[in-house]
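A.B. asks: with the input below, show me the fold.
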Amino acid sequence: MSEELSAADEIELRRLRWRCRRGMRELDQLLGRYLDREWRQASEAQRGVFLRLLETEDDKLWHWFMGHEEAGDAELRSLVEFIRRLPP
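C.D. replies: Take a look at the predicted model:
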């Protein structure tokens, strides 16, 4: 049973890794860093916020991560700040 869950988790991670590819190296690195370091232990609620973040247009993400603008949604804003603070 745990092997099936593990395989399913790996499939989900591959799918998410593809969704993290934005065509902008900086965004790819930031989103990929979160996926690699935080996704596995994230709660369902935290995962939901990350999935919502992935639905955001690249230009908005760029402005949020570069600190030019803030997300209007408090959960997204908090996640962006958390990801920005992750060490390279």
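
A.B. asks: Gln46: what's it in contact with?
C.D. replies: For Gln46, the contacting residues are 38, 79, by CB atoms under 8 Å, 6 or more residues apart in numbering. No exception for glycine: its C-beta is placed from N, CA and C like everyone else's.

A.B. asks: list the buried ones in the host helix or strand of it?
C.D. replies: If you go by DSSP states H and E, Gln46 is part of helix 44-54. Neighbour counts over helix 44-54 (16 or more other CB atoms under 10 Å) mark 46, 49-50, 53 as buried.

A.B. asks: do you know how far the spatially closest residue to Leu76 that is not a sequence neighbour is from Phe65?
C.D. replies: Nearest-residue entry for Leu76: Leu53, 5.8 Å, with adjacent residues in sequence omitted and distances by CB to CB, 6 or more residues apart in numbering. Applying CB to CB, to the nearest Å, the value for Leu53 to Phe65 is 10 Å.

A.B. asks: which residues are common contacts for the two?
C.D. replies: Counting by CB under 8 Å, 6+ apart, the common neighbours of Leu53 and Phe65 are Val80.

A.B. asks: circling back: adding pLDDT, write the buried residues of helix 44-54 out as JSON lines.
C.D. replies: Conversion of the buried residues of helix 44-54 to JSON lines gives the following (pLDDT from 0 to 100):
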{"residue": "Gln46", "pLDDT": "97"}
{"residue": "Val49", "pLDDT": "98"}
{"residue": "Phe50", "pLDDT": "98"}
{"residue": "Leu53", "pLDDT": "98"}
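
A.B. asks: so the helix or strand bottoming out on mean pLDDT in the chain versus helix 44-54, what angle?
C.D. replies: When the helices and strands of the chain are scored by mean pLDDT, DSSP states H and E, helix 2-20 comes last with a mean of 83. When axes from the mean of the first three to the mean of the last three CA atoms, to 10 degrees is applied, the directions of helix 2-20 and helix 44-54 differ by 30 degrees.

A.B. asks: which parts of helix 2-20 are buried?
C.D. replies: By neighbour count on 16+ other CB under 10 Å, the buried set for helix 2-20 is 16, 20.
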